[in-house]
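[1] Fold the following and give me the result.
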Amino acid sequence: MLQKLFKRELGFYLIFVFLLSGCENITPQKYPFVYSGAIMGTRFSIKATHIPEQASVEKLQQLILMRLQAINQRMSTYLKDSELSLLNTLSSTEPQIISAELYKVLDTAQNISQLSGGAFDITVGPLVNLWGFGPDIMLSQAPKPEAINQLLAQTGYTKLQLHKQDLMATKELASLSMDLSALAKGYAVDEVARILEEQGIKDYLVEIGGEIRLKGNNLQGKKWRIAIEKPTINKRELEKVVAITDTAMATSGDYRNFFEQEGQRFSHTIDPRTGYPISHKLASVTVLTETCMLADAWATAFMVLGPEEAYKMAEQQQLAVFFIIKTEQGFAERATPLFTEYTKVKQ
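    Numbering: from 1, shown residues only. As a prediction, the model looks like this:
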């Protein structure tokens, strides 16, 4: 018997964003700038500790919303007329001119794919759908190996070619489609942060769907305190609270979106290299790095790689990463030296 559990957007739940104010022992309303809403199929939340006297709250909200809507119009797979959707549905293998913005995100995705040996792959969507974790209807049983192999032949980041000089993209297969959900929210966070800084705001927190970027201090004049969730299935618990600033943060996990069939658990995280859900013991990974787009993408890649490969890759790339690993006794923590150093120094 197939049991489907916790089919929902993961990002917002992986980091206890709603506990931020509680950790700081203040209420969000005390911030001179607080703005939240819905975008990109999830929620966003922004707050700033100080804003310049000449800054207009209404204008700032308008600038942010317009920027988020513009990004969504370029990178959404749910909007049929978005730039990405039009590229996906285009039945052509001829080079196509794309916007500089879409090129930037696609290029970042391809770089992470190459560095991770294909563990990160924005073309994996059809396989995710096949396993029932996309927008399509869940199958009544795990897919057949033949169906998986068929889609493996139709996916793969190497089938997308980018041409920097002309800002063009070429699909080697006309049916190839891309999904930027693993880094577009992070990119949007970075863009909101850029707007805030252009308006002279130096102390802020930006969060979209659980992806975060921080700068400066909170209202108490201290580093921002962010809670990382323990990867338990049926209850909400804290694993760790870190005091950080001047960084971006993203968390990925496999513990709330899965199904079970005949006692076997199938994670929503699909390994693009094999076409099958991951089966290792890594339950959650949190990445701190300079941009939220990179943190977002690397968190996804590390979840595919598993605890040992991901740790080696994180050290190789000199990234601050925190791992929560399933054990017979519960959970074990492991952090790269950079994560330990950063969270220790910044507290």
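[2] Where do the helices of the stretch 151-300 of the chain begin and end?
    184-198, 292-305 (DSSP state H, counting those that start in this stretch).
[3] chain center to the longest one: distance?
    Taking the mean C-alpha point of helix 184-198 and that of its whole chain, the gap between them comes to 14 Å (CA atoms, centre = their mean, to the nearest Å).
[4] by how many degrees do it and helix 292-305 diverge?
    160 degrees (axes from the mean of the first three to the mean of the last three CA atoms, to 10 degrees).
[5] From here on, call the first residue 603.
    Got it, the first residue is 603 from now on, which makes the last one we talked about helix 786-800.
[6] Looking at strand pairing, list the partners for Val843.
    Bridge pairing for Val843 (DSSP bridges) gives the partners Ala829.
[7] Any idea how many residues pack against it?
    The number of residues packed near Val843 is 15, by other CB atoms under 10 Å. For every residue, glycine as well, the C-beta is placed using N, CA and C.
[8] For it, give me its contacts.
    Contacts for Val843 (CB atoms under 8 Å, 6 or more residues apart in numbering) come out as Cys625, Arg827, Ile828, Ala829, Ile830.
[9] Least confident of those?
    Scanning those for pLDDT, the low point is Cys625. It has 48.
[10] coming back round to it: which of the contacts of Val843 lies closest to Val906?
    Ile830 (19.6 Å; CB to CB).
[11] list the contacts for the closest one?
    Ile617, Phe618, Leu840, Glu841, Lys842, Val843, Val844, Thr853, Ser886, Thr888, Phe924, Ile926.
[12] re the thing from before, how about a markdown table for the contacts of Val843, with distance to Met770 added?
    Formatted as a markdown table, these follow (distance: CB to CB, whole Å):
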| residue | distance to Met770 |
| --- | --- |
| Cys625 | 46 |
| Arg827 | 45 |
| Ile828 | 39 |
| Ala829 | 43 |
| Ile830 | 40 |
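[13] Going by neighbour count, which of those comes out on top?
    That'd be Ile828 among those, by other CB under 10 Å, with 27 neighbours.
[14] Surely it and Ala852 touch.
    No: counting by CB atoms under 8 Å, Ile828 stays clear of Ala852, with 11.2 Å between them.
[15] what sits in contact with each of these two?
    In contact with both Ile828 and Ala852: Ile814, using CB under 8 Å, 6+ apart.
[16] still on that earlier bit, name the stretch among the helices of the stretch 753-902 of the chain that sits most buried.
    Ranked by mean neighbour count, the helices of the stretch 753-902 of the chain are led by helix 894-907 with a mean of 28 (mean count of other CB atoms under 10 Å).
[17] distance between that one and the chain's centre?
    7 Å.
[18] Could you identify the helix or strand that succeeds it?
    helix 909-918 (DSSP states H and E).
[19] any idea of the mean pLDDT for the helix ranked longest in the chain?
    When the chain is parsed with DSSP state H, its longest helix is helix 659-677. Average pLDDT, helix 659-677: 97.
[20] any idea of the angle it forms with helix 786-800?
    150 degrees.
[21] Any chance of CSV for the helices of the stretch 753-902 of the chain, columns mean pLDDT?
    Shown next, in CSV, are the helices of the stretch 753-902 of the chain (pLDDT from 0 to 100):
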stretch, mean pLDDT
helix 786-800, 98
helix 894-907, 97
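[22] Can you say which of those is nearest to Ser678?
    Per CB to CB, nearest to Ser678 of the helices of the stretch 753-902 of the chain: helix 786-800, 8.0 Å.
[23] neighbouring contacts of the closest one?
    613, 641-642, 644, 646, 648, 650, 662, 665-666, 669-670, 673-674, 677, 706-707, 710, 806, 808-811, 813-815, 817, 850, 852, 893-899.
[24] cool, stretch 652-670 as well?
    With CB under 8 Å, 6+ apart, stretch 652-670 has contacts from 634-635, 637, 639, 641-642, 646, 648, 790, 793-794, 797-798, 801-805, 810.
[25] Can I get the buried ones among the residues you listed as something I can paste into PyMOL?
    Selection of buried members from these for PyMOL, criterion 16 or more other CB atoms under 10 Å:
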select buried, resi 635+637+641+642+646+648+790+793+794+797+798+801+803+805+810
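[26] Keep only those of the contacts of Ile830 that are in strands.
    Among those, the members falling in strands (DSSP state E) are Leu840, Glu841, Lys842, Val843, Val844, Thr853, Ser886, Thr888, Phe924, Ile926.
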